[in-house]
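Chemist: structure here, sequence nowhere to be found:
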């Protein structure tokens, strides 16, 4: 089963890619091949499915959802220092 996840855009990585960070603070690249929206820039939030950016997400809504996801994770989650 595939799932879409929220990512924050860190920077453009050429014309067809963006470097992104997921809610666990893990960096990766996502393809823009399936995206047909406004140009993305650092700080934008996107929905990524199977490695492809599929939609830009409202920043306020994304921040709220990410805060809840991070709050619900145990302190041993990747990226957290105990």
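Modeler: Alright, I've got the coordinates. Bear in mind the structure is a predicted one, so any value in this text is a computation, not a measurement.
Chemist: okay, and residue 60 sits in which element?
Modeler: Residue 60 belongs to helix 59-72 when assigned by DSSP states H and E.
Chemist: just residue 42 next, same as before
Modeler: Using DSSP H and E, no helix or strand contains residue 42.
Chemist: separation between it and residue 71?
Modeler: 25 Å (Cβ to Cβ, to the nearest Å). Bear in mind the C-beta positions are built from the backbone N, C-alpha and C, glycine included.
Chemist: for those two, indicate the residue with more neighbours.
Modeler: Between residue 42 and residue 71, counted using other Cβ atoms under 10 Å, the more crowded position is residue 42 (11 against 7).
Chemist: spit out the contact partners of that one.
Modeler: Contact partners of residue 42, counting by Cβ atoms under 8 Å, 6 or more residues apart in numbering, are 9-11.
Chemist: between these, which has the most around it?
Modeler: residue 9 (20 neighbours).
Chemist: which elements pack onto the strand or helix carrying residue 55?
Modeler: Assigning secondary structure by DSSP H and E places residue 55 in strand 52-57. Strand 52-57 sits against strand 27-31, strand 45-49, with contacts defined as 3 or more Cβ pairs under 8 Å, 6 or more residues apart in numbering; DSSP states H and E.
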